[in-house]
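**Q** I would like the atomic coordinates for the input below:
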Amino acid sequence: DAERQADAAIPVSAVSVKVTAAELAALDEVLAKAGIESRAEGLRRLIQAAGGVFVPDAQMAAEMARYRASLHEVGNGVVQIAKQMTQANRRGQGAGGGTSAEFTELRLAQMRGLARFILDSADEIDLLLRRRRDAMQLQATAALREFAHAAE
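**A** As a prediction, the model looks like this:
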C-alpha cells in the first residue's frame, strides 16, 4: 500500500461500499484466513483477481523465490561449463583427439541436460502460476457471487 501511495504517477479512485454487519464480519474472517491485513488490500486483491490481474501472495512469492534460486544455481553451472569449453577450445583441446572429443561430447551432453532441466523448470513455474491464478479467479468469483447473493 505504501508503494502505491509513493507513486504519484498512478491515478487512483476511492471505492465506498455499504454492507451489513454480518457481511463485514464474513469479509474480515476471509481476510484473516488469507493473511490479508487490511480491508483495502483485500478488496484490491479481489478486484485485481476478478479482472484477471495476477498478484502473488506470500506463499506464492516464497515458492517463486525457491524456483528462482534453483534456476540461478543451474544457470551458474551452465556458465561454468561454457567457460570450460571456451578455455579448452582456446588451448586446442577441442580439435581432433581421442580424449578431447570425449570432453567436448561430455560437455555438450551436460549442456543439453541442463537446458532440458531449465526448460522443464520454466514449464513447472508456468503451470504453477496458471494453477494459482485459476484458483484465485475461482475464489474471487465465488466471493463476488456470495456477496451478490447476500445482497438479494
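
**Q** Just the pLDDT for residue 140.
**A** Residue 140 carries a pLDDT score of 70 in this model.

**Q** Pretty sure it sits against residue 42.
**A** No - look at residue 140 against residue 42 with C-beta atoms under 8 Å: they stay out of range, at 11.0 Å. Where C-beta positions appear, they are placed from N, C-alpha and C, glycine not excepted.

**Q** Could I get the full set of helices for the protein?
**A** Assigned by DSSP state H, the chain shows helices spanning 2-6, 21-34, 39-50, 58-90, 98-151.

**Q** Compare the ones you listed and give me the one nearest residue 15.
**A** With C-beta to C-beta as the measure, helix 39-50 is the member of the helices of the chain nearest residue 15 (6.9 Å).

**Q** Give me the angle between the closest one and helix 21-34.
**A** For helix 39-50 against helix 21-34, the angle by axes from the mean of the first three to the mean of the last three C-alpha atoms, to 10 degrees is 80 degrees.

**Q** Flag every buried residue along helix 39-50.
**A** 42, 44, 45, 46, 49 (16 or more other C-beta atoms under 10 Å).

**Q** Give me the distance between the second one and residue 33.
**A** Going from residue 44 to residue 33 by C-beta to C-beta, to the nearest Å gives 17 Å.

**Q** Over to the first one?
**A** Using C-beta to C-beta, residue 42 is found at 11 Å from residue 33.

**Q** mind showing which ranges of the chain have poor pLDDT?
**A** 1-8, 49-58, 93-103, 144, 147-152 (pLDDT under 70).

**Q** what about the closest residue to residue 124 other than its chain neighbours, how many neighbours?
**A** In space, and not counting its chain neighbours, residue 124 is closest to residue 67: 7.6 Å by C-beta to C-beta, 6 or more residues apart in numbering. Applying other C-beta atoms under 10 Å, we find 15 residues neighbouring residue 67.
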